[in-house]
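Sharing a sequence plus its predicted fold:
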Amino acid sequence: MYKVFVNERPLILTDKIMDAGEGEYFKMNGKAVKSAVDALFKKKLERAYIYHPNLEEILNKFTAEIPMIVAAGGVVTNASGKVLFIYRNDKWDLPKGVCKKKEKLEDCALREVEEETGVQGLEIENFLRTTYHVLKRGGKYRLKEVHWYAMRTTYDGPLKGQKSEGIEKVKWKGPKKIQAALEQSYINIRILFEPPAL
């Protein structure tokens with residue numbers, strides 16, 4: 001199963017038929033996929049499911065209809081245990097960006113965090129998870145697959161938001177400020193701060 005967010009609403013790619021509840025099932029074909037994404041994007045549905053019997057093929061089939069962009073980013077912690085956030089488009093977010101051709105995911109994550117925030121001396125501790133969301137660029141939908149890494153740094157120099165990426169602020173945040181920031185963030189960012197499922 002894959003959980004993809006479209007305008008903050010879940011689109012579940014699944015090989016199982018479940019009780020849809022508030023959602024609606026769609027088949028894995030071009031017209032149905034676009035109908036599901038459209039309905040979520042326009043907030044006509046709370047959630048939607050796209051069914052295909054083969055889970056191993058489901059993402060490839062979906063990305064044949066909605067092309068995928070691969071990105072990577074980081075949840076960066078400093079020596080005092082604060083986490084690095086960026087602010088753009090009226091939301092608190094985490095630094096991430098699109099990978100260059102043949103660039104390793106880890107290298108992309110480190111490069112993007114440094115470019116977007118000015119933070120240096122970054123070290124990857126471990127892989128966290130992959131998140132998915134659909135965005136619209138130039139009237140076309142794209143699926144963004146973001147690979148997230150836990151990172152550490154002892155950097156305590158100036159923070160510099162990448163203006164060309166629309167980043168207005170870069171801040172280190174402790175536990176209370178993290179909670180406040182997450183309330184003004186995206187679901188996929190909040191997921192990164194949830195305790196791991198047992």
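Received it, and whenever you're ready, just let me know what you need.

Show me this structure divided up by domain.
According to automatic domain parsing, the chain comprises the domains 2-65, 70-191.

want to try CSV for those, with mean pLDDT and mean neighbour count as columns?
Yep, even glycine has a C-beta here, placed from its N, CA and C like the rest. Formatted as CSV, the domains of the chain follow (pLDDT from 0 to 100; neighbours: other C-beta atoms under 10 Å):
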stretch, mean pLDDT, mean neighbour count
domain 2-65, 90, 16
domain 70-191, 97, 16
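
Walking through the protein, point out its strands one by one.
With DSSP state E, the ranges of strands along the chain come out as 2-6, 9-14, 23-27, 47-51, 68-77, 83-88, 91-93, 96-98, 123-137, 140-152, 169-173.

Excluding sequence neighbours, find me the nearest residue to residue 35.
Nearest residue to residue 35, sequence neighbours excluded (C-beta to C-beta, 6 or more residues apart in numbering): residue 26, at 6.4 Å.

ok, now which ones touch the one you found?
32, 33, 35, 36, 48, 49, 50, 51 (C-beta atoms under 8 Å, 6 or more residues apart in numbering).

quick one on the thing from earlier: right, and the strands of the chain - which one's nearest residue 109?
Comparing the strands of the chain against residue 109 with C-beta to C-beta, the closest turns out to be strand 68-77 (3.8 Å).

picking that back up, in TSV, list the contacts of residue 26 along with distance to residue 122.
Below are the contacts of residue 26 laid out as TSV (distance: C-beta to C-beta, whole Å):
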residue	distance to residue 122
32	42
33	37
35	42
36	38
48	37
49	38
50	36
51	41
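
Between all of those residues, which two are separated the most?
Pairwise distances among these were taken by C-beta to C-beta; the largest, 13.5 Å, belongs to 35 and 51.

Just the pLDDT for residue 198.
Per-residue confidence (pLDDT) for residue 198: 55.

what's the nearest residue to residue 118 if we skip its chain neighbours?
Setting aside the residues directly before and after it, residue 118 is nearest to residue 160 in space (C-beta to C-beta, 6+ apart), at 3.4 Å.
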